[in-house]
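1. Let's see this in three dimensions:
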Amino acid sequence: MIAALARIGRLALAALAALGRIALFTVQTFSHLVRPPFYPREFGQAVMSVGWQSLPVVALTAVFTGGALALQIYSGGARFSAEAVVPQIVAIGMVRELGPVLVGLMVAARVTSSIAAEIATMKVTEQIDALVTLSTDPMKYLTLPRVLAAGLTVPVLVAVGDIIGIFGGYMVGVYRLGFTPVTYLQNTVDFLEPLDIISSLVKGGAFGLLAALAGCYFGMRSSRGAQGVGRATKGAVVAASVLILAANFVLTEVFFSA
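-> Residues are numbered from 1 along each chain as shown. Modelled structure (predicted):
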């Protein structure tokens, strides 16, 4: 019994220590925000990698999710003669929840893994040590541009994903379920509120920051060798995904608890 409690205690202390290290890493990252030198080229490349190059996977995920959501709502609503609510539920489901969460998870799968693998490989090949030798702060040169780029571009990706997801529901609703185009669009616009859109964009910014921070943190702490790079990449994606889902619950509670 005592051994089991001791093991639980060790796991709890290890989890708290990990949270503390992540918090310190986050504070250290943002402490470089207002202090020169700045690296606009690195920031621009990160914006292209995180934002522009993620558009195809975000668009495909959103359009198929919106279409499937319309089919599911129509099928479920038919049991209660409530098929007419398809436009409203697709809109609120995509904007409040599915859009931000799916984009966040896609960014975690694509961007977090890429950042973690890139930085871990640089550490293994001693490129980070070379940066220190050249009096370049790795946190400022590698971490800050990627975190800022993710925090600024993921809300844009979420907005695009929301629009495309609603469009996917529109296509299915109009051409598969027989809705009138004007009525479908009017119900969508009338049902959405400014708070829904604001919450979606805020979630996107938070998810982007979490995804980039997880990739940079695990990349910087990776061990040597190919196995270390693999463990860092896997740990970054798992941590980013869990943090995104947890943050989604917290932000939903903050925006819609009433």
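2. Any regions of the stretch 1-150 of the chain where pLDDT drops low?
-> For the stretch 1-150 of the chain, no stretch is flagged by pLDDT under 70.
3. Do you have the strands of it handy? List them.
-> Here the stretch 1-150 of the chain has no strands by DSSP state E, counting those that start in this stretch.
4. What are the boundaries of the helices in it?
-> Counting by DSSP state H, counting those that start in this stretch, the stretch 1-150 of the chain has helices at residues 2-31, 40-50, 55-77, 86-92, 99-107, 113-124, 127-133, 138, 144-175.
5. what's the closest of those to residue 235?
-> Across the helices of the stretch 1-150 of the chain, residue 235 has its closest neighbour in helix 113-124 (7.7 Å, CB to CB). C-betas here are computed from N, CA, C, even on glycine.
6. got the angle for that closest one vs helix 144-175?
-> Comparing the axes of helix 113-124 and helix 144-175 via axes from the mean of the first three to the mean of the last three CA atoms, to 10 degrees yields an angle of 160 degrees.
7. can you list the weak-confidence ranges in the stretch 151-258 of the chain?
-> Applying pLDDT under 70 to the stretch 151-258 of the chain flags the ranges 258.
8. rerun at 90
-> Within the stretch 151-258 of the chain, the stretches with pLDDT under 90 are 176-193, 220-232, 256-258.
9. what residues are up against residue 141?
-> By CB atoms under 8 Å, 6 or more residues apart in numbering, the contact set of residue 141 is 39, 42, 131.
10. State the distance from the second one to residue 31.
-> To residue 31, residue 42 is 18 Å away according to CB to CB, to the nearest Å.
11. So between these two, which is more surrounded?
-> Applying other CB atoms under 10 Å to residue 42 and residue 31 shows that residue 42 carries more neighbours, namely 17 against 12.
12. Now do the contacts for that one.
-> Residues in contact with residue 42 (CB under 8 Å, 6+ apart) are 141-142, 145.
13. hmm, back to that, between the contacts of residue 141, which is nearest residue 192?
-> Of all the contacts of residue 141, residue 192 sits closest to residue 42, with 37.0 Å by CB to CB.
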